[in-house]
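Structure for this input, please:
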Amino acid sequence: MQTGEQDVQLGNQFDANIQMAKSLKEVQLHIRGMRCSSCVQTIEKTLSSIPGVEHVNVNFTKQTAVVIGNTPIDDLIASIDRMGYAAVVEQQANDASIVDSNAKQYLILAFVAALVGMPLMFLSLLGLMPSLSTFYDKIIWLLIGLATLGVLIYSGGHFFKGAWHAFKNHSASMDTLIVIGTSAAWIFSMIVIIFPESLPTLARHVYFEATCIILSFVNLGHALEAGARGKTTSALRELFELQPKYATIIRNDNLETILVSKVQVGDIVRVKPGEKIPLDGIVRSGASTIDESMITGESKPITKTIGDEVTSGTLNIAGSFTFEVQRIGQDTTLAQITELVKQAQNSKPKIVSLVDTISNIFVPCVLIIAVLDALLWFNFGPEPKVIYMLVSAMTVLIIACPCALGLATPISIMLGIGKAANLGILIRNGDILQKASQLTTIIFDKTGTITQGQPTIVEVNTIDTMTQSEVLRYAASVEQYSEHPIAHAITGSYSDQLLLEVNGFQAIAGYGVVGEINSQKVVIGTANLMHQYEMNFLNLYHDAKEVSQNSDLTHVYVGVNKQVVGTLVISDPIRKDAENVIATLKQKGLRVIMITGDNHAIANAVAKRVGIDKVISQVLPQTKVLYVQQFQHTGNTVAMVGDGINDAPALAKADVGFAIGNATDVAIESADVILLRGTLQSLLDTIETSKITMKNIKQNLVGAFCYNVIGISIAVGILYPWLGILLNPMLAGAAMALSSFTIVCNANRLRWKIKGGANSVG
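Next up is the predicted model:
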């Protein structure tokens, strides 16, 4: 094949791949009927096999499925329905009502089962139940059996349905264990009633009360889980509730109150004192003070005047103003924050995937253990062997349900990420939460990270042929196109005249900016950039170099038409919490490093003030990446903290990338964690949150595994030869419900353990 034809084919393939990527869409479904982590594996496996589906992530705790692909939603829902579950397109606003209805439904099922089972249990304990000796006694027992069958159908029907669909999908689930255990007890009891002569006298026991009580406890456990799951989404609901439902807009000089969803870009919205701002926009008239703490964490109200941006979800404290809507729907700041939290809560760290895999093989293993246990009791157990065999096998099936194992990890991840969001920390996915607890090395950028990123010009030096105003005008004219904090310092300090027209603007990361004004080459940046463009320094370079040897002041050179015409001396104050945070990180055993594009003298001066021992300066963005890789290759788990475009490659490469404060869009897109409050204290809070959450997960996993190991061991009768103890199936049902509830309660401790301020301990 000719090279030209190969290029054409590769180009066509590339275009096809791009088009396919654009056609992929994300669908979020709420799924009813998931009762254990084996359900997660079944649903993920089935959905992944559907043509057009590229990725599936099922969250047991949230009862949701996120599907990425180009498959019609109706096909996804139909596939889930065929598995025995019910799926609807998720509407987050209705999540609370869904959780409430699920909890109430399970409570009703539990109550009905207890209504039949509890009287039977107490009458049996008091010895008031009829015998099997007369015809009328058998009639009474048959009626009790029919009542128990009604309980099986009503309170246990969803278990039978789930077990049947699992069987059709060649899998086994918690429903399988419940169904086998309870139905075996009912069938055996009916055999005892109808054919008592076929069994030894000692084996003639009925277990109708056990069937009912087990179903009652299991449904009660699900009700408690459903209620607890609702609490895990509270952080997300709080974010949703920040946005008001209605907005007052000005149309044809009239005020009109409409739904926020009906507001369009360009509409003028009136905001009164005490009202929340419904959408993102720019103030067009009036002035006010805005409480932005719910978004930024900044407790001090911010004054907003004409031309300032306002953010959805923030609170107007005093004053009335109008603003022009700039972003609506999913484009607003609040919606994007909420979506990040939502995606993170749905994500799976590696530890969750491992648990899901274990849970998937757990149920078949339990079935095998139950069969072997039954055979052992039947062949080696005391009389009545059939009774011991039935009781032991049924208890194994009931107590081994992997509900607690499935809940152990995702519920803690959801709560940890939700609490982090309340602290102004946006974590993109659960895997990052796990990595943040394992960090060994923290790399800081300097400008805008250790420093406040709000530099100001403190001195302007010029040559005789140019005034300070002229130097600033040239510099501001070019820098107006840059996002760098130093650019904002320069443009913000110049307001004397209109800026000049600039052509051919170019930003050179790590060095400065270049443009043309009146056909003259204008270069603003470092001394190296001046040398690159052959700018003549005269004495300005040597004077600045001598001044900055032991100073954290930055010198920006302004070159026009082959001549350095001035230097701008810029001061960027160090963040108030920088020294304390860095000292704390070092106390925790973390290695702290500064990597910056600034010169050695300034970098070392800043590092000395905040207590950083290792400094790597005058590096380019691509060099920062190489240093990150170098530390990773030596066995370190590396975090990068930055805010600028030049930090983006390193943020993306680090194990955990932190974008701080009002970082550039590129930095935010590259980072794994966004620190909205713009303080380094949030970095400590993230690390502490991750450690507390991972410790909570480990506690849950140890508890779940110990419960299953100890519970199954007792259920098979390991204590019987020495203590004569054999676990009752009803107690097994209660223990199963209690185990899940315990896991949920332990996870919910995160709501109080994670407080911020990095003063919590695991």
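
I'd like to know how far the residue of the chain most remote from its centre sits from Trp141.
Within the chain, Thr134 marks the point farthest from the mean C-alpha position, 64.0 Å out by CA atoms, centre = their mean. Between Thr134 and Trp141 the computed distance is 11 Å (CB to CB, to the nearest Å). Using the backbone N, CA and C atoms, a C-beta is placed for each residue, glycine as well.

ok, now Pro51?
For Pro51, the distance to Trp141 - CB to CB - is 54 Å.

Which one's more surrounded, those two?
The neighbour count for Pro51 versus Trp141, taken as other CB atoms under 10 Å, is higher for Trp141 (22 against 8).

so which strand or helix has that one?
Take DSSP states H and E as the rule and Trp141 turns out to sit in helix 135-154.

helices and strands around the helix or strand harbouring His555, which ones?
Per DSSP H and E: His555 is located in strand 554-560. The contact analysis (3 or more CB pairs under 8 Å, 6 or more residues apart in numbering; DSSP states H and E) places strand 554-560 against helix 468-479, helix 485-492, strand 520-525, helix 527-532, helix 540-547, strand 563-571.

what's the closest of the ones you listed to Thr440?
helix 485-492 (29.2 Å; CB to CB).

ok so Leu128 is a helix residue?
No: according to DSSP: H, G, I helix; E, B strand; the rest coil, Leu128 belongs to no helix; its state is coil.

dump the residue contacts of Arg194.
For the record, residue 194 is Ile, not Arg. Contacts for Ile194 (CB atoms under 8 Å, 6 or more residues apart in numbering) come out as Lys138.

circling back to that earlier point, which strands border the strand holding His555, and is each parallel or antiparallel?
In the sheet containing strand 554-560, its partner strands are strand 520-525 (antiparallel), strand 563-571 (antiparallel), by DSSP bridges.

Next SSE downstream of the last one?
The reference is to strand 563-571. Following strand 563-571 toward the C-terminus (DSSP H and E): helix 578-587.

so where do the strands sit in the stretch 651-762 of the chain?
656-660, 673-675 (DSSP state E, counting those that start in this stretch).

Give me the contacts around the last one.
Going back to what we said before, that points to strand 673-675. Outside strand 673-675, the residues that touch it by CB under 8 Å, 6+ apart are 340, 424-428, 432, 436, 656-661, 663, 668, 682-683, 686.

how much space is there between Leu750 and Val560?
Applying CB to CB, the value for Leu750 to Val560 is 59 Å.

Relative to Leu376, which of the strands of the stretch 651-762 of the chain is closest?
Closest among the strands of the stretch 651-762 of the chain, once you apply CB to CB, is strand 656-660, at 50.8 Å.

can I see the domain layout of this structure?
As given by automatic domain parsing, the domain ranges for the chain are 25-95, 99-233+343-413+697-753, 244-330, 425-451+575-676, 456-571.

Ends of the fourth one, what's the gap?
Translated: domain 425-451+575-676. Using CA to CA, to the nearest Å, one end of domain 425-451+575-676 lies 6 Å from the other.

change the start of the numbering to 362 and stick with it
Happy to do that; since the first residue is 362 now, the last one works out to domain 786-812+936-1037.

ok, back up a step: what's the closest of the helices and strands packed on strand 915-921 to Gly627?
helix 846-853 (26.9 Å).

pLDDT of that closest one, averaged?
Across helix 846-853, pLDDT averages out at 85.

can you pull the buried residues of that helix?
Of all the residues in helix 846-853, those buried under the rule 16 or more other CB atoms under 10 Å are Pro846, Ile847, Ala848, His849, Ala850, Ile851, Thr852.

Please find the angle between the direction vectors of that helix and strand 915-921.
Calculated by axes from the mean of the first three to the mean of the last three CA atoms, to 10 degrees, helix 846-853 forms an angle of 60 degrees with strand 915-921.

partners of the next helix or strand after helix 846-853 in the sheet?
Following helix 846-853 in sequence order, the next helix or strand is strand 864-869 (DSSP H and E). In the sheet, strand 864-869 lines up against strand 873-878 (antiparallel) (DSSP bridges).

and the partner strand with helix 829-840, angle?
Per the same axes, to 10 degrees, the angle that strand 873-878 makes with helix 829-840 is 100 degrees.

list the buried ones in strand 873-878?
Here strand 873-878 shows Gly873, Val874, Val875, Gly876, Ile878 as buried, counting by 16+ other CB under 10 Å.

if we can go back for a sec, ok, residues contacting the strand holding His916?
816, 832, 835-836, 847, 851, 873, 878, 881-888, 890-891, 894, 896, 898, 901-902, 905, 908-909, 925-933, 959, 963.

Show the buried residues in these.
By 16+ other CB under 10 Å, the contacts of strand 915-921 give 816, 832, 835-836, 847, 851, 873, 878, 882-888, 890-891, 896, 898, 901-902, 905, 908-909, 925-931, 933, 959, 963 as buried.

hang on, the earlier thing: among the domains of the chain, which comes closest to Ser1051?
domain 786-812+936-1037 (3.7 Å).

Pull the distance from the closest one to the chain's centre.
When distances are taken as CA atoms, centre = their mean, to the nearest Å, domain 786-812+936-1037 is centred 21 Å away from the chain's centroid.

go on, stretch 544-562?
Taking CA atoms, centre = their mean, one finds stretch 544-562 lying 52 Å from the centre of the chain it belongs to.

got it, and stretch 521-528?
32 Å.

Output that stretch as CSV - backbone C-alpha positions only.
The C-alpha trace of stretch 521-528 is given here as CSV (Å, rounded to 0.1, in the frame of the first residue of the first chain):
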residue,chain,number,x,y,z
PHE,A,521,-37.8,-15.4,45.1
LYS,A,522,-38.0,-13.2,42.1
GLY,A,523,-34.4,-12.1,42.5
ALA,A,524,-33.2,-15.7,43.0
TRP,A,525,-35.0,-16.8,39.9
HIS,A,526,-33.6,-14.1,37.7
ALA,A,527,-30.1,-14.8,39.1
PHE,A,528,-30.6,-18.5,38.3
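
Could you pull up the mean pLDDT of it?
82.

can you check stretch 885-894 too?
Rounded mean pLDDT across stretch 885-894 is 88.

List the contacts of that stretch.
With CB under 8 Å, 6+ apart, stretch 885-894 has contacts from 835-836, 839-840, 851, 869, 872-875, 882, 884, 898, 902, 906, 916-920, 923, 925, 960.

picking up where we left off before, what residues does the helix holding Trp502 touch?
Outside helix 496-515, the residues that reach it (CB under 8 Å, 6+ apart) are 470, 473-474, 477-478, 481, 491-493, 521, 543-544, 547, 550-551, 554-555, 567, 569, 572-573, 576.

now those: which count as buried?
470, 473-474, 477-478, 481, 521, 543-544, 547, 550-551, 554, 567, 569, 572-573, 576.

tell me which helix or strand of this structure sits lowest on mean pLDDT?
Every helix and strand of the chain was ranked by mean pLDDT, DSSP states H and E. The lowest is helix 364-384, at a mean of 46.

which stretches of the stretch 912-1061 of the chain have low pLDDT?
912-913, 1006, 1023-1029 (pLDDT under 70).

so where do the helices sit in it?
For the stretch 912-1061 of the chain, applying DSSP state H, counting those that start in this stretch gives helices covering 939-948, 961-971, 982-994, 1009-1014, 1026-1031, 1042-1077.

Show me which of those has the highest average neighbour count.
helix 1009-1014 (a mean of 24; mean count of other CB atoms under 10 Å).

Just the strands from the stretch 512-661 of the chain, written as ranges.
Using DSSP E, counting those that start in this stretch, strands in the stretch 512-661 of the chain cover 607-612, 615-620, 629-632, 641-647, 649-652.

so can I have a markdown table of those showing distance to Arg688, mean pLDDT and mean neighbour count?
Formatted as a markdown table, the strands of the stretch 512-661 of the chain follow (distance: least, CB to CB, whole Å; pLDDT from 0 to 100; neighbours: other CB atoms under 10 Å):
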| stretch | distance to Arg688 | mean pLDDT | mean neighbour count |
| --- | --- | --- | --- |
| strand 607-612 | 13 | 88 | 17 |
| strand 615-620 | 17 | 87 | 10 |
| strand 629-632 | 12 | 92 | 21 |
| strand 641-647 | 4 | 91 | 18 |
| strand 649-652 | 17 | 85 | 20 |
